[in-house]
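Novice: generate a structure from the sequence data that follows.
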Amino acid sequence: MAELIYWGGNATAYVTDAGVVLVDSKFPRAHDDLVAKVKSITDRPIKYVILTHNHGDHAAGAEQLEKDGATVIISGDDRDNLAKTPNQRWIPAIGYVGQMSLLLGGKTIDLIQMRGHTRGDTVVYFPASRVVCTGDLATTAESIPSIVNYADGGSWSDWQKSIDQILELDFDYAIPGHGPAVTKSELTAYRNRKVAMLERFRALNRDHKSQEEITQTLVKEFNWGAGPSAGNIPGMMQELR
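Specialist: Numbers count the residues shown, from 1 in each chain. Predicted coordinates for the structure are as follows:
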């Protein structure tokens, strides 16, 4: 877990004849390693960096990649979130709204704005390769549980709508914000476990269980609610009634 936290979230390189599309940029400390890994598979330049959301473990390295010559794109809502971050000096020049498509080297890349982890999550879909990048709408690393960030406009109710929208896309593999890639059927199973947890939470909340009682139940039944996910529970008690 310490190594995952130190280097940041997943980054995905999509190679075309005209250059590379990079999804997420990790922390600045990972810049040289990230660029070296891209160069190990292609001599094409990184043309675009698409940020799935504004959090530093996914977005903080983008400033250096822009200096290297890449165009950085993020949703307008998460661009606003980034601008509100204390001591944030740089923000991407491009903030799209709703949906956006890129065409590079004859390949289409679709950006779809959703809400869940933040109010402006970007899902990146590569239709020709049948791959989707979810950002932190999905995390498959056991040590980094899925959460929503209420301060940045996240919502568990909208998370469920977003994950269902992702599953409507035609893909074979999903690359999460943290953890290994999964098949579409594995992402469906992940969705079902989380929805069952949310339904259990709503039932406990409606029965006026205390925060401690809800936490103990979720940890026991879903192995969720302790550690990094514990901070979600007060907000969930307000949202999930």
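
Novice: so what touches stretch 180-190?
Specialist: Here stretch 180-190 makes contact (C-beta atoms under 8 Å, 6 or more residues apart in numbering) with 134, 138, 140-141, 163, 166-167, 171-176. Heads up, the C-betas are built off the backbone N, CA and C, glycines and all.

Novice: in that stretch, what's buried?
Specialist: 181-182, 184, 187, 190 (16 or more other C-beta atoms under 10 Å).

Novice: now do the helices in the chain.
Specialist: Here the chain has its helices, by DSSP state H, at 2-7, 31-39, 56-59, 62-67, 76-83, 156-167, 184-206, 211-222, 233-239.

Novice: so where's the protein uncertain?
Specialist: 1-4 (pLDDT under 70).

Novice: I'd say Ser155 and Ile147 touch.
Specialist: No - counting by C-beta atoms under 8 Å, Ser155 sits too far from Ile147 to count as a contact (11.7 Å).

Novice: follow-up on the earlier one: from the contacts of stretch 180-190, which land in strands?
Specialist: 134, 138, 173-176 (DSSP state E).

Novice: which two from those residues end up farthest apart in space?
Specialist: Greatest spatial distance in those: Ala138 and Tyr173, 11.9 Å, computed using C-beta to C-beta.

Novice: neighbour count winner among the two?
Specialist: Ala138 (28 against 16; other C-beta atoms under 10 Å).

Novice: the residue lying closest to Val38 once chain neighbours are set aside: neighbour count?
Specialist: Nearest residue to Val38, sequence neighbours excluded (C-beta to C-beta, 6 or more residues apart in numbering): Ala13, at 5.1 Å. Ala13: 16 surrounding residues under other C-beta under 10 Å.

Novice: which one of the ones in strands among the contacts of stretch 180-190 is nearest Asp68?
Specialist: Among those, and counting by C-beta to C-beta, the member closest to Asp68 is Ile175, at 22.5 Å.

Novice: look up how far Pro127 lies from the closest one.
Specialist: Distance of Ile175 to Pro127, computed by C-beta to C-beta, to the nearest Å: 15 Å.

Novice: with neighbour numbers in mind, choose between these two.
Specialist: Set Ile175 next to Pro127 and count neighbours by other C-beta under 10 Å: Ile175 wins out with 23 against 15.

Novice: surely the more buried one meets Thr12?
Specialist: Yes - contact criterion C-beta under 8 Å: Ile175 and Thr12 qualify, at 5.3 Å.

Novice: which neighbours do these two share?
Specialist: 23, 131, 133.

Novice: return the residues in contact with the last one.
Specialist: Going back to what we said before, that points to Cys133. Contacts of Cys133 by C-beta under 8 Å, 6+ apart are 10, 12, 23-24, 52, 123-126, 174-175.

Novice: alright, I will stop here.
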